[in-house]
Every structure is written in structure tokens, then in C-alpha cells.
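Engineer: fold the following, please.
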Amino acid sequence: MNKLLLFLGLFIGVLTNSFSQDFFRLKTDFTIKSKTLDGKQQLTVGKIYYDKNIKKLVFQIRFPERETWVQKDTSLYKIVDGKVVSRQSTPDVAGLTIYHLALNGDLADYGLKKSKMKIIDVEKDGNKIISTWSPPPELKESFGSILMLNVNQQLVGIVFKNPEGEVVSRQFFRNYLTIDGLSFPQELVKETIVDGVKYYEVTTYKNMIINEKDNSDKYDYKIP
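Structural biologist: Model (predicted):
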């Protein structure tokens, strides 16, 4: 009997752990403060809805104007008062976003382990690990190496270089919180360098909800 109870306890524990790690939806308030290449300051405030199974990024903007942005596949729609006012062709980036990576448990390595990038160097200093990743030969004319800093197994910084070895962008992940078992940074700082000019964007997140059961229409927003 004791062995049976022990087995059941272990079995239930495995099931509980498996279900607790099944993250599929994320909703959060966000604020983006950015500085454009021409020096202008911008502020954007709203909510983000993302379901990794649908791969549709939905931004409900309330400032500076009330509108909805929907990124699906290679299209970005801008919707105002229930009507599409613009549609742009974009790369299919949903699966590469911080939201998708976090829900899939791939944020710590930025999804590089599942990509064609190969790790070529690792430096350790206590709880800090700096890893260098190189693109495959067929991509070396377009992409350079990537440097990644992890502290206590959390991604805190990543640097992207061009084929000439010049830094083209940096990202910093700060103030991690664990919400319903999911670890997520409360601040994301992006720095992009274009022709020697730096473009900054700081995104803060709050009031995050994981695996919301309601509001399915928000996550699978129907394009008018």
C-alpha cells in the first residue's frame, strides 16, 4: 500500500508539474517610451493579447489614439472604429517575440537553441554566463554573431552584430517577476544603431495575466 501511495504521489506530482508549465496565453498592460531617429519622443500605452497557438499579436492602444494593431503572419493591420485603415507587409515575427519565447520556455536562450545558430564560445563568472553564437555558413553574409548574457539562468542582455562585426542592436531584460509560474521581465530596453545613430525604446509591462480563459475574442481578434 505504501508503495502504491508513493507511486500515485509521484505520478500526480509529474502531472501537476506538466500542467503548470503549459503556458499558452499572455495578457499585459504595456507602456512604450521611444526616441526616433529624428530625435522625437514618443509614448504609446495599451494592452497586449497573445496566444501562442494562434500566433496573432493584438495591441489595443489607448494612447496617443484609440486604435488596434494586429500582427498576423506577414501583415500588420491598423484598425480604428472597427475599420481597417491601413495594412502593411511585414516579416512574420510573432514566433520570435518575447511573448512567444516566454510562453514556450525559450526566453532564457532567446530561442537560439532551436535555431540554426551554433554556440562557439562560453565564458562563466560565478552566476554569469556569456555565450557567443555564430550563424551557419549560408547566413554569414547577412548576419553576424550574437552575444548573450545570462544571470542565474535568466536572459539579461543580448547583442546582435552584422557580418563585419559591428554592433547593430542590443536588448536588456530587467526586473523579472514570476507570474503563475512564468518568469517574465517587467522592462525591456532596446537600442538599435542605424548609420551610427542610436534609436532607443523602453517597454514596461504590468498587470500581467497568464492563461486567461475568457476574452478569447481579444486573442483571436477578427480582422474587419
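Engineer: helices along this structure, start to end?
Structural biologist: 2-20, 98-103, 216-219 (DSSP state H).
Engineer: the second one packs against which elements?
Structural biologist: Applying 3 or more CB pairs under 8 Å, 6 or more residues apart in numbering; DSSP states H and E, one finds that helix 98-103 makes contact with strand 25-35, strand 41-51, strand 182-194. Backbone N, C-alpha and C define where each C-beta goes, glycine included.
Engineer: which residues touch that helix?
Structural biologist: Contact with helix 98-103 is made by 23-26, 48, 50, 52, 55, 57, 94, 107, 110-111, 173, 182-185, 188, as judged by CB atoms under 8 Å, 6 or more residues apart in numbering.
Engineer: do the same with the shortest one
Structural biologist: Applying CB under 8 Å, 6+ apart, the set of residues contacting helix 216-219 from outside is 25, 27, 49-51, 54, 56, 58, 60.
Engineer: what do you get if the cut-off is 10 Å, keeping everything else the same?
Structural biologist: Helix 216-219 is contacted by residues 24-27, 47, 49-54, 56-58, 60, 68, 212 when judged by CB atoms under 10 Å, 6 or more residues apart in numbering.
Engineer: what residues of that helix count as buried?
Structural biologist: For helix 216-219, burial by neighbour count (16 or more other CB atoms under 10 Å) applies to 218-219.
Engineer: quick one: it to chain centroid distance?
Structural biologist: When C-alpha coordinates are averaged (CA atoms, centre = their mean, to the nearest Å), helix 216-219 and its chain have centres 19 Å apart.
Engineer: any low-confidence regions in this structure?
Structural biologist: 1-21, 37 (pLDDT under 70).
Engineer: what subset of the contacts of helix 216-219 is buried?
Structural biologist: With burial judged by 16+ other CB under 10 Å, the buried subset of these is 25-27, 49-52, 54, 56-58, 60, 68.
Engineer: list the buried ones in stretch 131-143?
Structural biologist: 131-135, 143.
Engineer: for stretch 69-81, same thing?
Structural biologist: The neighbour-count check on stretch 69-81 (16+ other CB under 10 Å) flags 69-72, 76-79 as buried.
Engineer: please apply the same query to stretch 189-200.
Structural biologist: In terms of neighbour count (16+ other CB under 10 Å), stretch 189-200 has its buried residues at 189, 191.
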